[in-house]
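J.: what follows is a predicted protein model with its sequence.
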Amino acid sequence: MDIPTFEREYAEKGFCAVAGVDEVGRGPLAGPVVCAAVIMPLEEEKRILGVDDSKKLTAKKRERLAEEIKKVARAFSIAEVDEGTIDEINILQATRLGMKRAIENLSLTPDMVLTDGVMTLDIALPQRSIVKGDALVYSIGAASILAKVYRDRLMAQFALEYPEYGFEKNAGYGTAAHIQAIKEVGICKIHRKTFVKKFWDGRERPSPANI
C-alpha cells in the first residue's frame, strides 16, 4: 500500500489537502498515546515506496520511512496525550483528543481528514473513518509510521529513567516481565493507573531524583 488511491479520489472531487491520521499506544500499561497527522503530496516523483501499517514493518524500515515521510510531506504533526489524561477521560477520548490536536497543529489546514478504525472526531472538517486504514490508505499508513517511531523513541528514553520495566523492549505494553516488575517495585509516574488495577498493589516507585 504505497499508492495514494484514496487521496487521489478525493483530489478528483476537489479536496486539495487530505490528511491521514493514526495513533499508536492505545493498549500499553504505560506512556502516552501518540497521534500523527500527515498530508502527503500526490506527485508520482514524490511517492514513497513501502508505506504500510507500521506494525507490519521492521523497526529499521520504520525509521527509514519516517525520515522520508518528514522530508516529502506537505505537512505533518505529532501529538501526545499523557497517562494522567488517559486515566481521567479514558483511552478512547484521549485518542480522539490526540488526533484532534495533531490535525489542529498541522502547518497546512486540511480540507478532508481520513482516520484509521471507527473514529469520529470533534473537528469542523469533512472526515471519514476507514477500518484498517493504516494498511489501506497511504497517508494514514504514513501517520502510523511517524507515530510509532516517535513513541518508540520516547519509551526508550523513559527506559533510562525507569530501567526495571524494560520499556525499551516492550514500549509500555503488558508483557509478563513488565507486569512482574510492577508487582515487585510498584508503578512509576508514566503508568496508567486505570490499566494496572488487576495486578497493582498500590505501591509507587520513587522517582529517580528521590532514589
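T.: It's in.
J.: regarding this structure, what is its longest helix?
T.: helix 138-161 (DSSP state H).
J.: buried stuff in it?
T.: 138-152, 154-155, 158-159 (16 or more other Cβ atoms under 10 Å). Glycine gets a C-beta too; all of them are placed from N, C-alpha and C.
J.: those helices in the protein, which residues are they?
T.: 5-12, 59-72, 83-89, 91-104, 133-136, 138-161, 167-170, 176-185.
J.: now mean pLDDT and distance to Pro110 too, for those helices, in JSON lines please.
T.: JSON lines is the format used below for those (pLDDT from 0 to 100; distance: least, Cβ to Cβ, whole Å):
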{"stretch": "helix 5-12", "mean pLDDT": "92", "distance to Pro110": "10"}
{"stretch": "helix 59-72", "mean pLDDT": "96", "distance to Pro110": "16"}
{"stretch": "helix 83-89", "mean pLDDT": "98", "distance to Pro110": "24"}
{"stretch": "helix 91-104", "mean pLDDT": "97", "distance to Pro110": "7"}
{"stretch": "helix 133-136", "mean pLDDT": "87", "distance to Pro110": "15"}
{"stretch": "helix 138-161", "mean pLDDT": "96", "distance to Pro110": "10"}
{"stretch": "helix 167-170", "mean pLDDT": "96", "distance to Pro110": "33"}
{"stretch": "helix 176-185", "mean pLDDT": "95", "distance to Pro110": "37"}
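J.: okay if I get those as JSON lines plus distance to Leu49?
T.: Output for the helices of the chain, formatted as JSON lines (distance: least, Cβ to Cβ, whole Å):
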{"stretch": "helix 5-12", "distance to Leu49": "15"}
{"stretch": "helix 59-72", "distance to Leu49": "9"}
{"stretch": "helix 83-89", "distance to Leu49": "35"}
{"stretch": "helix 91-104", "distance to Leu49": "25"}
{"stretch": "helix 133-136", "distance to Leu49": "15"}
{"stretch": "helix 138-161", "distance to Leu49": "11"}
{"stretch": "helix 167-170", "distance to Leu49": "29"}
{"stretch": "helix 176-185", "distance to Leu49": "35"}
